[in-house]
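Asker: Next one to model:
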Amino acid sequence: MANDLVPTDGAGALAKSIEAAAGYAKNSKAPNTLKAYRSDWRHFSIWCAAVRCKPLPAHPGQVAAYLGALASADMRTNTIQRRIAAIRHFHRAAGHENPCEHPGIADTLAGIRRSLGSAPRKKTALTAELLSRALRKLPDTLRGKRDRALLLIGFAGALRRSELVDLKVNDLAAHPKGIILTLRRSKTDQVGAGTVKAIPHGHRLKAVAALEDWLRISQICDGPIFRGVIGKRVLDGALCEHQVAKIVKNALRAIGLDAREFSGHSLRSGFITSAANSGADLTTIAKHAGHARVDTTLGYVQVNDAFRDHAGRKFL
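Answerer: Numbering: from 1, shown residues only. Below is the predicted model:
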């Protein structure tokens, strides 16, 4: 068995094996992560050119100065942390020593956190009540039916934008109580083991009925579920994540809200917030959202009523 791994045609087989290994190594990071890293690396490279130093390999003191410049520009700490990850990634890829491992970088980042704080600036959750209002404003058109189905499935499944646009017809399975979604890959399942989510028929928002209506009128039988629409024509390709965010913003703008306060992620945080406000168990919510820890789920919950379940409500 071991002999099966020995190259039989020398250099040619070795070259192919190296090429295959390089391909697998490249796939170790999600496409969105690599896209973000490239954007962050361009920013670092531009800064280095401005201060007349080379980005690769970078000196730890140079990286610390860059972090200081970012903090002085009031950049969020989680974005600064991602910039560090990008610098680390490109140094390792080029075979250089990682300057971010220097203790001075950790000290600089710790100081930035103490000065600026590390709490993320969250977008507003698109709760069930807001979603219900927004749905009433959607037109009864092909595009309107698509948007209705997308908003409701994204909300009911507590889905990420990437999971929504990746959904295909063969990822759906009918069930007497609703449908079962199979997510082939997600942020927390980069190896593609697959996870399933149950979407009930419901008696208020009725996400399953909206999805069935969209598939019927669009005549989509296979491939991507959520696609572009031009007039009365449905395009072949799937929507991108940016288009999901645009659909969410347009829906909220239609009911007079500030669209800048919402994003595609507002669907996911909206379900979690609505479920918590309705009294659902946090463990159950975490399971549906795909969170390994309840603490993560709790971080999504946006309390709309600061007096709800107040600790002193029985004696104050």
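Asker: Please make it C-alpha for all contacts and neighbour counts, starting now.
Answerer: OK.
Asker: where does the protein have low pLDDT?
Answerer: Within the chain, the segments meeting pLDDT under 70 span 1-30, 117-122, 186-194, 302-313, 315.
Asker: which residues of it fall in helices?
Answerer: Under the criterion DSSP state H, helices of the chain are mapped to 11-26, 31-50, 60-72, 77-93, 103-116, 128-135, 142-156, 161-166, 207-218, 241-253, 266-277, 282-289, 294-300.
Asker: between these, which one is nearest to T195?
Answerer: Among these, helix 282-289 comes nearest to T195, with 10.2 Å by CA to CA.
Asker: list the buried ones in that closest one?
Answerer: For helix 282-289, burial by neighbour count (16 or more other CA atoms under 10 Å) applies to 282-283, 285-286, 288-289.
Asker: I'd like the distance from stretch 51-59 to the chain centre, please.
Answerer: How far stretch 51-59 lies from its chain's middle: 32 Å, per CA atoms, centre = their mean, to the nearest Å.
Asker: coming back round to it: could I get the buried residues of helix 282-289 as CSV with distance to E241?
Answerer: Putting the buried residues of helix 282-289 into CSV (distance: CA to CA, whole Å) gives the following:
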residue, distance to E241
L282, 28
T283, 28
I285, 24
A286, 23
H288, 21
A289, 19
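Asker: And those, which is closest to S72?
Answerer: Taking those together and measuring to S72 by CA to CA, the closest member is A289, at 35.8 Å.
Asker: measure the closest residue to the closest one other than its chain neighbours to V229 for me?
Answerer: Spatially, and ignoring its direct neighbours in sequence, A289 is nearest to A158 (5.7 Å; CA to CA, 6 or more residues apart in numbering). Plainly put, A158 is 24 Å away from V229 if you go by CA to CA, to the nearest Å.
Asker: Compare neighbour counts for these two and give me the winner.
Answerer: A158 (25 against 17; other CA atoms under 10 Å).
Asker: Roughly how far does the residue lying closest to I87 once chain neighbours are set aside sit from W47?
Answerer: Excluding the flanking residues, the one nearest I87 by CA to CA, 6+ apart is W41, at 6.5 Å. Counting by CA to CA, the gap from W41 to W47 is 10 Å.
Asker: Tell me how this structure divides into domains.
Answerer: Following automatic domain parsing, the chain resolves into domains at 30-116, 128-300.
Asker: any idea how far the longest one is from the chain center?
Answerer: Read it as domain 128-300. Its chain's C-alpha centre and that of domain 128-300 lie 13 Å apart, by CA atoms, centre = their mean.
Asker: which ones are touching the residue nearest to the spatial centre of the chain?
Answerer: Closest to where the C-alpha atoms of the chain average out (CA atoms, centre = their mean) is R160, at 4.9 Å. Neighbouring residues of R160 by CA atoms under 8 Å, 6 or more residues apart in numbering: 154, 264-265, 268.
Asker: same question, D171
Answerer: By CA under 8 Å, 6+ apart, the contact set of D171 is 181-184.
Asker: ok, F44 touching P55?
Answerer: Yes: here F44 reaches P55: they are 7.1 Å apart, a contact under CA atoms under 8 Å.
Asker: what about the closest residue to S269 other than its chain neighbours, distance to K287?
Answerer: Spatial nearest neighbour of S269, chain neighbours left out: A125 (5.2 Å); criterion: CA to CA, 6+ apart. According to CA to CA, A125 and K287 sit 19 Å apart.
Asker: before we move on, what about G264?
Answerer: Taking CA to CA, one finds G264 at 21 Å from K287.
Asker: Next: G61.
Answerer: According to CA to CA, G61 and K287 sit 44 Å apart.
Asker: same question, L70
Answerer: Between L70 and K287 the distance is 37 Å, computed by CA to CA.
Asker: what do you get for A50?
Answerer: Using CA to CA, we find A50 at a distance of 48 Å from K287.
Asker: Next: P176.
Answerer: P176 is 21 Å from K287, by CA to CA.
Asker: can you check L151 too?
Answerer: In this view, L151 and K287 are 21 Å apart by CA to CA.
Asker: Also T33?
Answerer: T33 sits 24 Å away from K287, going by CA to CA.
Asker: Would you agree R146 is in contact with F226?
Answerer: Yes: look at R146 against F226 with CA under 8 Å: they come within range, at 7.0 Å.
Asker: ok, A259 to A125 distance?
Answerer: Distance of A259 to A125, given as CA to CA: 12 Å.
Asker: Ignore what I typed, I meant V248.
Answerer: For V248, the distance to A125 (CA to CA) stands at 11 Å.
Asker: So between the two, which is more surrounded?
Answerer: Applying other CA under 10 Å to V248 and A125 shows that A125 carries more neighbours, namely 27 against 23.
Asker: That one is in contact with S266, isn't it?
Answerer: Yes: contact criterion CA under 8 Å: A125 and S266 qualify, at 4.6 Å.
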